[in-house]
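Chemist: everything below, folded, please.
(chains A and B)
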Amino acid sequence: MAQPPRDEKPHVFDNPRNVKRMIWLLLICCVVLFGLDAVIHRHAYHPWEHLFGFYAVYGFVACVLLVLIAKQMRKVLMRGEDHYDG
Amino acid sequence: MTASLAPFAIFLFGAGVVALTRGWLQKAVMLLIPVVGMLNVLGLEHGSFHQLSLFGNTLTLTEVDRLSLLFGYLFHIAAFLGVLFALNVKQTGHQVAAVLYAGSALGAVFAGDMITLFVFWELLAISSVFLILARGGERSFQAAMRYLIIQILSGVVLLAGILVWVANGGTLDVQEIGLDGTAGWLILIALGVKACFPLLHNWATDAYPEATPAGTVFLSAFTTKTAVYVLARAYPGTEILIYVGAAMAMFPIFYAVIENDLRRVLVYSMINQIGFMVVGIGIGTELAINGAVSHAFNDVIFKGLLFMTMGAVLFRTGKINGSELGGLYKSMPWTTGFCIVGASSISAFPLFSGFVSKSMVMAAALDGGYENVWLALLFASAGVFHHAGIKIPFFAFFAHDSGIRVKEAPFNMLLAMGLAAFLCIFNGSFPGLLYSLLPFPVDYVPYTADHVLLQMQLLFFSALAFTLLKLYGVYPPELPGINIDAEWSYRWLGKRLVRAGRRIAGRQTRAVNGAMGTAVQGTLALVASSHDERGAMARTWSTGNMAMVAMILLGLCLAVYLF
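Modeler: Down below sits the predicted model:
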């Protein structure tokens, strides 16, 4: 792997504290957005849309499922890069 | 009106000029072609123009209505952005192919009859294959050949469909065709190949990542969107498309999560986005068609932008696998920023272009009572943010520092990316102009408090899921390797079947040859035994014996005659 030049000044995410800050910012945004469901009325067209925090939960669950299923798929589908060369 | 030219003609002529010029003059001509083309299209009025007669059929080279104009504008914008991005390419052949390819797409979109459509359909294939070949190397060559075979096949099926259609009394106009009868199915399959329907999609994931950095930008814009355009004309409201589209939106996101080649991830997400368009066409209401074509419009620009950023990364680092990249925000900050704009647009963040078009398809699905399809599309929306919105920028520009230090992308590339990023934000923030160009009047309002909120909730909690999965080590790492897909049937199984067939045929041929050889030799030996110098037939007989034999034969004849 290539090595970065030694005299390079540190970049924003080289500092782990900045990464932590980003994650906290994301968490705060999530909490606020979740709470806003109590304030903003939704015009529901689908019965599930009445559920509190439906979109938040659906987005979260969808992504976790997506990753878990994809990981299992990898076990079945993944081959070496030269699979088609033989 | 006679002052206007057929839109493709400008590109065809321009390609000739590009072939004959070099250096800055060539660059200037390339930039000028889409500009002149756009001015020409802006002057077009609705109606049929540039008609010519061939074997008693009237061919219409330019058929102008709201739908063809929308795609006409779009393809000129895409051609300009692509040309600007490709300006530092030195191969003249690459540039000529790119201009011809854009022209073919325009020819197909403005085609008023199916013969003209067919001709440009095939030209799309033939011109674009050079953008893959121009990469050089055995891998690209092989991928290009597979691409060409499948694309030409699509054209052959289209031609068969057109012939059956006409034989059954249909007219040649590009019109609503529907699925009653063989012709409808044949034409749908031909369109389905180019639009990447599930199981017919693998040519794109195979060939696009093997093209040149700029080539993929062109490829992502024209072929599939031309197919979407023809689908919108020929099959609006065809219910099966709703389910085909939902499958297209769903299955690629799983592949995208585990794919390592970041341009291939983008091809999977391109299929996912076309899925939304196909659902919209299948629903077929005014809202749904508006959603489908406006999403095609936005997708060409934001997907083009994403392919440009990955093209710039490939151009500078020579690498495109997620497992080999990371930390590039340090040396390519502008490219990083543009990539984030593209990622936000495809993820449909409020104020970015995907937000104002994808939601129309979603709303139309609920209006039409397709609740399960709506749930699938919602899942796909979260998924697309996950792989295209987060994965692409994260693994290329952030993640762990790969130690790669390169120069920022060349100025022409940055300019192209900047323009595309501007259009993404402009269309997302001020959708009025795009809405005014749509085929049907728009009474859809994307920016309501609840719509913005629900979209933000969906996306932020998807991001939260990614962050937590990554922090706790659940997220699958980027690994070198390939994931088998439908192409396995012809690139692995088919290859082995053909080989086995050849082996068996070889064995049979040898057996047959052997048997034939024995038989021939036996016959020859028999003939030789009777005809060689000692054989009965080769013996010299005396005249008396000959006369005797003749008399006996004559006597036999007499006897037969008498009785």
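Chemist: could you pull up phi and psi at the residue nearest the centre of chain A?
Modeler: Residue closest to the mean C-alpha point of chain A, counted by C-alpha atoms, centre = their mean, is residue A:63 at 7.1 Å. Main-chain torsions, residue A:63, degrees, to the nearest 10: phi -70, psi -40.
Chemist: who's in contact with the nearest residue to it once chain neighbours are set aside?
Modeler: Of all residues not flanking residue A:63 in the chain, residue B:465 sits nearest, at 3.6 Å (C-beta to C-beta, 6 or more residues apart in numbering or on different chains). (C-beta placed from N, C-alpha, C; glycine too.) Counting by C-beta atoms under 8 Å, 6 or more residues apart in numbering or on different chains, residue B:465 touches A:59-60, A:63-64, A:67, B:386.
Chemist: can you give the contact residues for stretch B:452-462?
Modeler: A:26, A:29-30, A:33-34, A:36-37, A:40, A:42, A:49, A:53, A:55-60, A:62-63, B:347-350, B:355, B:359, B:378, B:381-382, B:385-386, B:389-390.
Chemist: quick one: buried residues of it?
Modeler: Within stretch B:452-462, the residues scored as buried using 16 or more other C-beta atoms under 10 Å in any protein chain shown are B:452-462.
Chemist: for that stretch, output the C-alpha coordinates as CSV.
Modeler: Extracted in CSV, the C-alpha atoms of stretch B:452-462 (Å, rounded to 0.1, in the frame of the first residue of the first chain):
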residue,chain,number,x,y,z
VAL,B,452,-39.8,16.4,3.5
LEU,B,453,-40.0,15.0,7.0
LEU,B,454,-40.7,11.4,6.0
GLN,B,455,-38.0,11.4,3.4
MET,B,456,-35.5,12.8,5.9
GLN,B,457,-36.5,10.2,8.4
LEU,B,458,-36.1,7.4,5.9
LEU,B,459,-32.7,8.6,4.9
PHE,B,460,-31.2,9.6,8.3
PHE,B,461,-32.3,6.3,9.8
SER,B,462,-30.7,4.4,6.8
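Chemist: quick one: low-confidence parts of chain A?
Modeler: Scanning chain A with the threshold set as pLDDT under 70 gives A:1-7.
Chemist: okay, helices next: where are they in it?
Modeler: With DSSP state H as the criterion, chain A has helices at A:16-36, A:54-77.
Chemist: and among these, the most buried is which?
Modeler: The highest mean neighbour count among the helices of chain A, using mean count of other C-beta atoms under 10 Å in any protein chain shown, belongs to helix A:54-77: a mean of 19.
Chemist: show me what it is packed against.
Modeler: Other elements packing on helix A:54-77 under the criterion 3 or more C-beta pairs under 8 Å, 6 or more residues apart in numbering or on different chains; DSSP states H and E are helix A:16-36, helix B:240-258, helix B:371-384, helix B:449-471, strand B:482-483.
Chemist: which residues touch residue 29?
Modeler: Defaulting to chain A. Residue A:29 is in contact with residue B:460, counting by C-beta under 8 Å, 6+ apart.
Chemist: right idea, wrong chain: chain B
Modeler: Counted by C-beta under 8 Å, 6+ apart, residue B:29 has contacts B:14, B:17-18, B:21.
Chemist: next structured bit after the helix or strand harbouring it?
Modeler: Per DSSP states H and E, residue B:29 falls inside helix B:23-42. Counting by DSSP H and E, the element after helix B:23-42 in chain order, helix or strand, is strand B:47-54.
Chemist: okay, buried residues for the helix or strand just after that following strand please.
Modeler: Following strand B:47-54 in sequence order, the next helix or strand is strand B:57-64 (DSSP H and E). For strand B:57-64, the neighbour count (16+ other C-beta under 10 Å) marks B:59-64 as buried.
Chemist: name the strands paired with strand B:57-64 and say parallel or antiparallel.
Modeler: The pairing partners recorded for strand B:57-64 under DSSP bridges are strand B:47-54 (antiparallel).
Chemist: give me the phi and psi for the nearest residue to residue B:57 once chain neighbours are set aside.
Modeler: Closest residue in space to residue B:57, ignoring its immediate chain neighbours: residue B:172 at 6.1 Å, by C-beta to C-beta, 6+ apart. Backbone torsions of residue B:172, given as degrees, to the nearest 10, read phi -80, psi -10.
Chemist: state the distance from residue B:303 to chain A.
Modeler: Using C-beta to the nearest C-beta, to the nearest Å, we find residue B:303 at a distance of 20 Å from chain A.
Chemist: residue B:265 is in contact with that residue, correct?
Modeler: No: using C-beta atoms under 8 Å, residue B:303 is not in contact with residue B:265; the gap is 11.7 Å.
Chemist: identify the residues contacting the closest residue to chain A within the stretch 201-350 of chain B.
Modeler: Of the residues in the stretch 201-350 of chain B, the one nearest chain A is residue B:257, at a distance of 3.9 Å by C-beta to the nearest C-beta. Residues near residue B:257 by C-beta under 8 Å, 6+ apart: A:66-67, A:70, B:386-387, B:391, B:476.
Chemist: how close does it sit to residue B:469?
Modeler: Remark: distance between residue B:257 and residue B:469 (C-beta to C-beta, to the nearest Å) = 10 Å.
Chemist: which neighbours do these two share?
Modeler: The contact lists of residue B:257 and residue B:469 share residue A:67, where a contact means C-beta under 8 Å, 6+ apart.
Chemist: count of neighbours near residue 48?
Modeler: Going with chain A. Per other C-beta atoms under 10 Å in any protein chain shown, the neighbour tally for residue A:48 reads 14.
Chemist: chain B is the one I meant
Modeler: Neighbour tally, residue B:48, other C-beta under 10 Å: 15.
Chemist: might one say that it is in contact with residue B:62?
Modeler: Yes: Residue B:48 lies in contact with residue B:62 (C-beta under 8 Å); the separation is 7.2 Å.
Chemist: which neighbours do these two share?
Modeler: Residues touching both residue B:48 and residue B:62 (C-beta under 8 Å, 6+ apart): residue B:112.
Chemist: wait, residue B:186 touches residue B:159, no?
Modeler: No: Residue B:186 is beyond contact range of residue B:159, at 9.1 Å (criterion: C-beta under 8 Å).
Chemist: okay, among the contacts of residue B:465, which ones form the most distant pair?
Modeler: With C-beta to C-beta as the measure, no two of the contacts of residue B:465 lie farther apart than A:59 and A:67, at 12.9 Å.
Chemist: give the residue spans of chain B that score low on pLDDT.
Modeler: In chain B, residues with pLDDT under 70: B:1-3.
Chemist: contacts only, for residue B:291.
Modeler: Residue B:291 makes contact with B:276, B:280, B:357-364 under the criterion C-beta under 8 Å, 6+ apart.
Chemist: closest one to residue B:138 out of those, please.
Modeler: Residue B:138 lies nearest to residue B:276 out of those, by C-beta to C-beta, at 36.1 Å.
Chemist: how is the closest one assigned, secondary-structure-wise?
Modeler: With DSSP: H, G, I helix; E, B strand; the rest coil as the basis, the three-state label of residue B:276 is helix.
Chemist: dump the C-alpha coordinates for stretch B:48-66 into CSV.
Modeler: C-alpha atoms of stretch B:48-66 as CSV (Å, rounded to 0.1, in the frame of the first residue of the first chain):
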residue,chain,number,x,y,z
SER,B,48,-43.6,15.2,-38.3
PHE,B,49,-40.7,16.4,-40.4
HIS,B,50,-37.9,15.2,-42.6
GLN,B,51,-39.9,12.5,-44.2
LEU,B,52,-38.7,10.3,-47.0
SER,B,53,-40.1,7.5,-49.0
LEU,B,54,-38.6,4.0,-49.1
PHE,B,55,-40.2,1.0,-50.8
GLY,B,56,-43.6,2.7,-50.6
ASN,B,57,-43.2,3.4,-46.8
THR,B,58,-42.9,6.8,-45.4
LEU,B,59,-40.0,7.2,-43.0
THR,B,60,-40.3,10.1,-40.5
LEU,B,61,-36.8,11.1,-39.2
THR,B,62,-38.1,13.8,-36.9
GLU,B,63,-41.3,13.4,-35.0
VAL,B,64,-41.7,16.1,-32.4
ASP,B,65,-44.0,16.1,-29.4
ARG,B,66,-43.6,16.9,-25.7
